[in-house]
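Participant: coords below, sequence missing:
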């Protein structure tokens, strides 16, 4: 019997755990789920005969060592800063580990020892990071093997609401951690276009969008993610003249969300005076210049040069952000925390809503015979009644990786991300079977 | 004989040291200047018979203790983070201390012990902070004593070039630490207007200026400084409806400097790829969207919606920022470091140039009899051939405080800033004698 230990149960954990439990009998697995709160672990285990729910605290080093040394594979769904703790024990006892997080500097340090023990510490096997790496690398390797010279790679991913349920004026609902959506893009975006490095500060980022069409899903717009430059070496494209990675939203979302950025309402570094007792209207007014002659709406319209009858003003009114009755109710809150609260009231998924995950890679390359070509590879996944597309696409790559490792079908060791064929080939093959399929279009 | 120990020799130190040496004979003082590099200490001491130059390292605790316990008063011109080291020793041995820095949390902790030992740890006795506090408090106390109700206090300070030497299109030259000028305003400005809290993010700050006229010096504009709210309690105006503190520049400076802010060129948090070998033109181009059809100037003009024949474009061209020959030459530099280098080539004071310090307080108050009044109190100081106005106004308040403390004319103890009459009255009186005089205008 193979023993799997899952530490923590994040947003995507239910898909991962369900899959492992469904396949436990056939593969002779025992699935242990450890959470700080026992009831959380029990809830996701659903009394499955192959499951074991335990109360687990990663900072209890005796328990951590005891549980990890008895496992055959550890999945850490803990916050990324904790990963080095199980990683150290996995390396000590020669146990594989899987995470969906970005690899930290600290984690890379286990690489040599993991290779020595012939164990795999596999990270970034979710959606983004995860499916983005795998699907891109498969095409990059294919084009390289055909002798093509890749001159441009743009890659965009978005989590949105499925068209049928896309019934609010923003064409957006929260399908993942709202806090990350509110803070998205802060810092400086860095990318390269035709050999020119480009740096875009946050307050200009949402004003610089590119247009995309994804399969039958119509038009999207995308803004650049923080550091696209580092992915040149990740993908073995060190000298590529154009490389941008970004986030997809429905057309005009960015221009409207930019109002919050321009006003400073997404700032998470200071707290607002008397935030608990202020109205939504007072909240937005605190970012507008004092003018006793004008309404809050008029001040905003003038300040950001948005006509009062513009769709942007309509979207803001629809959000209720000018409401002079509703109270913020959050003590010592940052602007970002207050904005998140206001957005959650309007942007939350209804129980019947389904979400949509879209991803598009656009490659420009010169064939061996000197012909310039454009290749688009697109993914669109909708959620269903049992799971969101987001939880599926984040959780399944990890679940499949776990299965493949335990079945001995993934031959790799050391600290890895899924950019090598021995890892991404079998996972992509399994993902296709469950409908996570990229469609290629050539120009 | 009274012994004064000066630790460090910052930009304003020469005015302070000259003054103390000039008055040393008459007052029977010995002035010791301690710098990490002995030659720096020797240079400012100029072999004056009352001086003693030493090599001094505040982190050499044995030397620090030895020197401080033998002094009657310590002036710390060290970077502010070091002040707690001499403060601790001053408290231990019952010695007065003076700094021109903002009081840190850590320094406030010495208050009780300093009171017990009846010694004064006096801070923020420069220009801003310093003269701003003293001149404002003198008026606030006077208005309060007349039974007035102060409803608005706006206070702005600027370091500029004197009109006769104001011969560049920006109407600005560096008269103090250039790095501070390049980074000025980063974060969020917080102030209150008619009871409404206002928060202005950096990328909007230089677009929100107020106009000021200072004496015969004509028109200025001012942007708000970071946190004006905390000064309500500093000045004993906790319930004042309007309070803003800010920085003065010549009209249109802010709108032009805002180009750098909008582009992200003042960012000091990341380094530019290949910064050492890029031209100035490549530097500015890395903040502009890729467009092979347009020149760098055209892209900037379009991006920020500035007509190509606008004075802003002229000022930018004059700076040489579009130069395609000049090389940055700074390895691994941040945008802010590169911008500073470019600005220093054009904004440095010529040897014959004189600087100008301006300060203006504007009070609105209701008299005891219910009449609304406006009181402006303005200061303008020009530099001369021996010293800049900035070094004078930063260095002299500290020098005078030292004299008054040693002469026993300043009765105070504990950790203090100059907001109490026993401290600011004698200093302001002495400052008037050397031409630092506020002119009041009533409306």
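Facilitator: Now that the structure is in, tell me what you want to look at. Please read all numbers here as calculations on a predicted model, not as lab measurements. Residues are numbered from 1 along each chain as shown, chains lettered A, B, ... in the order given.
Participant: got the residues of the stretch 301-443 of chain A near chain B?
Facilitator: Proximity of the stretch 301-443 of chain A to chain B, by C-beta under 8 Å from any C-beta of the partner chain, involves residues residue A:335. Any C-beta I mention is one placed from the backbone N, CA and C, and that applies to glycine too.
Participant: Identify the residues contacting whatever residue of the stretch 301-443 of chain A ends up closest to chain B.
Facilitator: Closest to chain B within the stretch 301-443 of chain A is residue A:335: 7.2 Å, counting by C-beta to the nearest C-beta. Taking C-beta atoms under 8 Å, 6 or more residues apart in numbering or on different chains as the criterion, residue A:335 is in contact with A:264, A:265, A:266, A:267, A:268, A:270, A:272, A:283, A:287, B:199.
Participant: Nearest spatial neighbour of the first one, chain-adjacent residues omitted?
Facilitator: Think residue A:264. residue B:201 (3.4 Å; C-beta to C-beta, 6 or more residues apart in numbering or on different chains).
Participant: Please name the residues that touch that neighbour.
Facilitator: When the contact criterion is C-beta under 8 Å, 6+ apart, the partners of residue B:201 are A:203, A:263, A:264, A:267, B:188.
Participant: what about it, distance to residue A:191?
Facilitator: Going from residue B:201 to residue A:191 by C-beta to C-beta, to the nearest Å gives 24 Å.
Participant: Look at the nearest residue to residue A:46 once chain neighbours are set aside and say how many residues are nearby.
Facilitator: Taking C-beta to C-beta, 6+ apart, and ignoring the residues beside it in sequence, residue A:46 has residue A:21 as its nearest neighbour in space, at 7.7 Å. Residues within reach of residue A:21, counting by other C-beta atoms under 10 Å in any protein chain shown, total 20.
Participant: With residue A:17 instead?
Facilitator: 25.
Participant: now it: how far from residue B:191?
Facilitator: Look at residue A:17 and residue B:191: by C-beta to C-beta, they are 52 Å apart.
Participant: Let's test this: mean pLDDT of stretch A:94-101, rounded?
Facilitator: Averaged over stretch A:94-101, pLDDT sits at 96.
Participant: Compute the first-to-last residue distance for that stretch.
Facilitator: Stretch A:94-101 has an end-to-end distance of 21 Å (C-alpha to C-alpha, to the nearest Å).
Participant: chain center to that stretch, what's the gap?
Facilitator: 19 Å (C-alpha atoms, centre = their mean, to the nearest Å).
Participant: and that stretch, which residues are buried?
Facilitator: A:95, A:96, A:97, A:98, A:99, A:100, A:101 (16 or more other C-beta atoms under 10 Å in any protein chain shown).
Participant: can you check stretch A:109-118 too?
Facilitator: By 16+ other C-beta under 10 Å, the buried positions in stretch A:109-118 come out as A:110, A:111, A:113, A:114, A:117.
Participant: Likewise for stretch A:410-421?
Facilitator: A:410, A:412, A:413, A:414, A:415, A:416, A:417, A:418, A:419.
Participant: can you tell me which of the residues you listed are in strands?
Facilitator: Judged by DSSP state E, the subset of these located in strands is A:414, A:415, A:416.
Participant: who touches the last one in this structure?
Facilitator: With contacts taken as C-beta under 8 Å, 6+ apart, residue A:416 has the following neighbours: A:120, A:121, A:122, A:123, A:423.
Participant: Touching, residue A:226 and residue A:183? I think so.
Facilitator: No. Applying C-beta atoms under 8 Å, one finds residue A:226 not in contact with residue A:183, separated by 11.3 Å.
Participant: one step back: sort out for me which of the contacts of residue B:201 are in strands.
Facilitator: Short answer: the contacts of residue B:201 in strands (DSSP E) are residue B:188.
Participant: Next step: the contacts of residue B:201 restricted to helices.
Facilitator: A:203, A:263 (DSSP state H).
Participant: Among the contacts of residue B:201, find me the one that's closest to residue A:378.
Facilitator: Ranked by distance to residue A:378 (C-beta to C-beta), the contacts of residue B:201 are led by residue A:203 at 30.6 Å.
Participant: Could you check the pLDDT of that closest one?
Facilitator: pLDDT, residue A:203: 98.
Participant: Identify the residue spatially nearest to it, adjacent ones excluded.
Facilitator: Here the residue nearest residue A:203, using C-beta to C-beta, 6+ apart, is residue B:203, at 3.9 Å.
Participant: try residue A:68
Facilitator: Excluding its sequence neighbours, the residue lying closest to residue A:68 (C-beta to C-beta, 6+ apart) is residue A:89, at 4.2 Å.
Participant: Now do the contacts for the most centrally placed residue in chain A.
Facilitator: Residue closest to the average C-alpha location in chain A (C-alpha atoms, centre = their mean): residue A:128, at 4.7 Å. Contacts for residue A:128 (C-beta under 8 Å, 6+ apart) come out as A:157, A:359.
Participant: For chain B, see how far away it is.
Facilitator: If you measure residue A:128 against chain B using C-beta to the nearest C-beta, to the nearest Å, the figure is 22 Å.
Participant: Got phi/psi on that residue?
Facilitator: When read as degrees, to the nearest 10, the backbone of residue A:128 gives phi -140, psi 90.
Participant: Would you mind measuring from it to residue A:389?
Facilitator: Taking C-beta to C-beta, one finds residue A:128 at 13 Å from residue A:389.
Participant: Please tell me I have it right and residue A:412 contacts residue A:424.
Facilitator: No. Residue A:412 is beyond contact range of residue A:424, at 10.4 Å (criterion: C-beta under 8 Å).
Participant: For the stretch 51-200 of chain A, which residues are neighbours of chain B?
Facilitator: Listed as neighbours of chain B in the stretch 51-200 of chain A under the rule C-beta under 8 Å from any C-beta: A:187, A:188, A:190, A:193, A:194, A:196, A:197, A:198, A:199, A:200.
Participant: What is the burial count for residue A:292?
Facilitator: 7.
Participant: Find the residue closest to residue A:296 in space, skipping its chain neighbours.
Facilitator: Excluding the flanking residues, the one nearest residue A:296 by C-beta to C-beta, 6+ apart is residue A:285, at 5.0 Å.
Participant: Name the residue most distant from the centre of chain A?
Facilitator: Chain A, C-alpha atoms, centre = their mean, max distance from centroid: residue A:293 (44.5 Å).
Participant: mind checking pLDDT for that one?
Facilitator: So, for residue A:293, pLDDT stands at 96.
Participant: Sticking with it, tell me its helix or strand.
Facilitator: Following DSSP states H and E, one finds residue A:293 outside all helices and strands.
Participant: Sounds good, over and out.
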